[in-house]
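J.: Fold the following and give me the result.
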Amino acid sequence: MKQRIVTGLIGGAVFIGLTLLGGWYFYGLLLLLAIIGFSEFLRMNGFGPNHPASLIGYAGMLVVLIPWDELGLSFSSSLPIVWLVMFLLLAVTVVTKNRMTIDGAAFVLLGILYVGYGFHTMYVVRSADSHGLLTTLMAFGSIWASDVGAYFAGRAIGRHKLWPSISPNKTIEGSLGGIVLAVAVAALFSLSAPGVIGIGRALLIGLAAAVAGQFGDLIQSAYKRVRGIKDTGAILPGHGGVLDRCDSWLAVFPLLVMTGLLPL
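T.: Okay, the predicted model is just below:
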């Protein structure tokens, strides 16, 4: 427990500090997390770092992650890039004579989108011209509030299992407690800056962050259960891997961006 607390305090301080700085400082943090997280995803699926599919996967993930607009480049659509990466991965199945199957190609492509686009949207929100820091902290605050609310409500009044076959310790009461606290925190952000985000939108942001965040956690739990592992990695002592800590983020930020709930 002591190791978990120390790691959490140090990691949290570094994360908050770089988030406040924003710009390339924040992007550098996201880049590091994305590379480590993608390596965890590859390892879970049996791909070594030098496997041809891994090399294509890293390149594809970085293409999705890089903020091309800020480098003076732009694409009318990312679909051709995704198709090209898919084609290269399928070509590996031929070159390796099916030692890597089409299932493996699909896993790598899934990881590229899951990790690359997830962390990309975090940078999009933070770098937004319109109150990027406030909306970033609001999203993270709602996610963390959902975690805290679910934990304490589950311990205090949790009686009915939420999804025992996937995560046996989670309860329906805990899930509802997380939603309530996330919505409350989002409302506080709105009240502190009423000219930026209206209360109605704030409540939707809190709700979306809690529901999507809890699903993100369950998705990762389901995947680890299929792979027969407890943690995705061990880089964070007492906390597991990057994907263990960022599973909610990778679900929430894309949803908030795609729905337009966060003003950009």
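J.: Now find how far off-centre the helix or strand hosting L137 is within its chain.
T.: L137 is part of helix 132-157, with elements assigned from DSSP states H and E. Taking the mean of its C-alpha atoms, helix 132-157 sits 14 Å from the chain's own mean (Cα atoms, centre = their mean, to the nearest Å).
J.: That one: what's the following helix or strand?
T.: Counting by DSSP H and E, what follows helix 132-157 is strand 161-163.
J.: other SSEs contacting that following strand?
T.: strand 167-171, helix 172-192 (3 or more Cβ pairs under 8 Å, 6 or more residues apart in numbering; DSSP states H and E). In short, each C-beta sits where N, CA and C put it, glycine included.
J.: for the helix holding L137, packing partners?
T.: helix 2-21, helix 118-126, strand 167-171, helix 172-192, helix 199-227, helix 242-259.
J.: buried sites along that helix?
T.: For helix 132-157, a neighbour-count test (16 or more other Cβ atoms under 10 Å) marks 132-147, 149-151, 153-154 as buried.
J.: Repeat that for stretch 220-227.
T.: Under 16+ other Cβ under 10 Å, the buried positions of stretch 220-227 are Q220, S221, Y223, K224.
J.: Name all residues that make contact with the closest residue to F38 other than its chain neighbours.
T.: With sequence-adjacent residues excluded and distances taken as Cβ to Cβ, 6 or more residues apart in numbering, F38 is closest to V115, at 4.6 Å. V115 is in contact with A34, G37, F38, F41, M61, L243, L250, counting by Cβ atoms under 8 Å, 6 or more residues apart in numbering.
J.: Neighbour count and distance to N169 for the residues you listed - can I get that in TSV?
T.: As requested, these are exported to TSV (neighbours: other Cβ atoms under 10 Å; distance: Cβ to Cβ, whole Å):
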residue	neighbour count	distance to N169
A34	25	28
G37	29	24
F38	26	28
F41	25	24
M61	28	31
L243	26	19
L250	26	21
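J.: now, which of those residues lie within helices?
T.: Using DSSP state H to define helices, the subset of the contacts of V115 located there is A34, G37, F38, F41, M61, L243, L250.
J.: now the third one: how far from I112?
T.: Applying Cβ to Cβ, to the nearest Å, the value for F38 to I112 is 8 Å.
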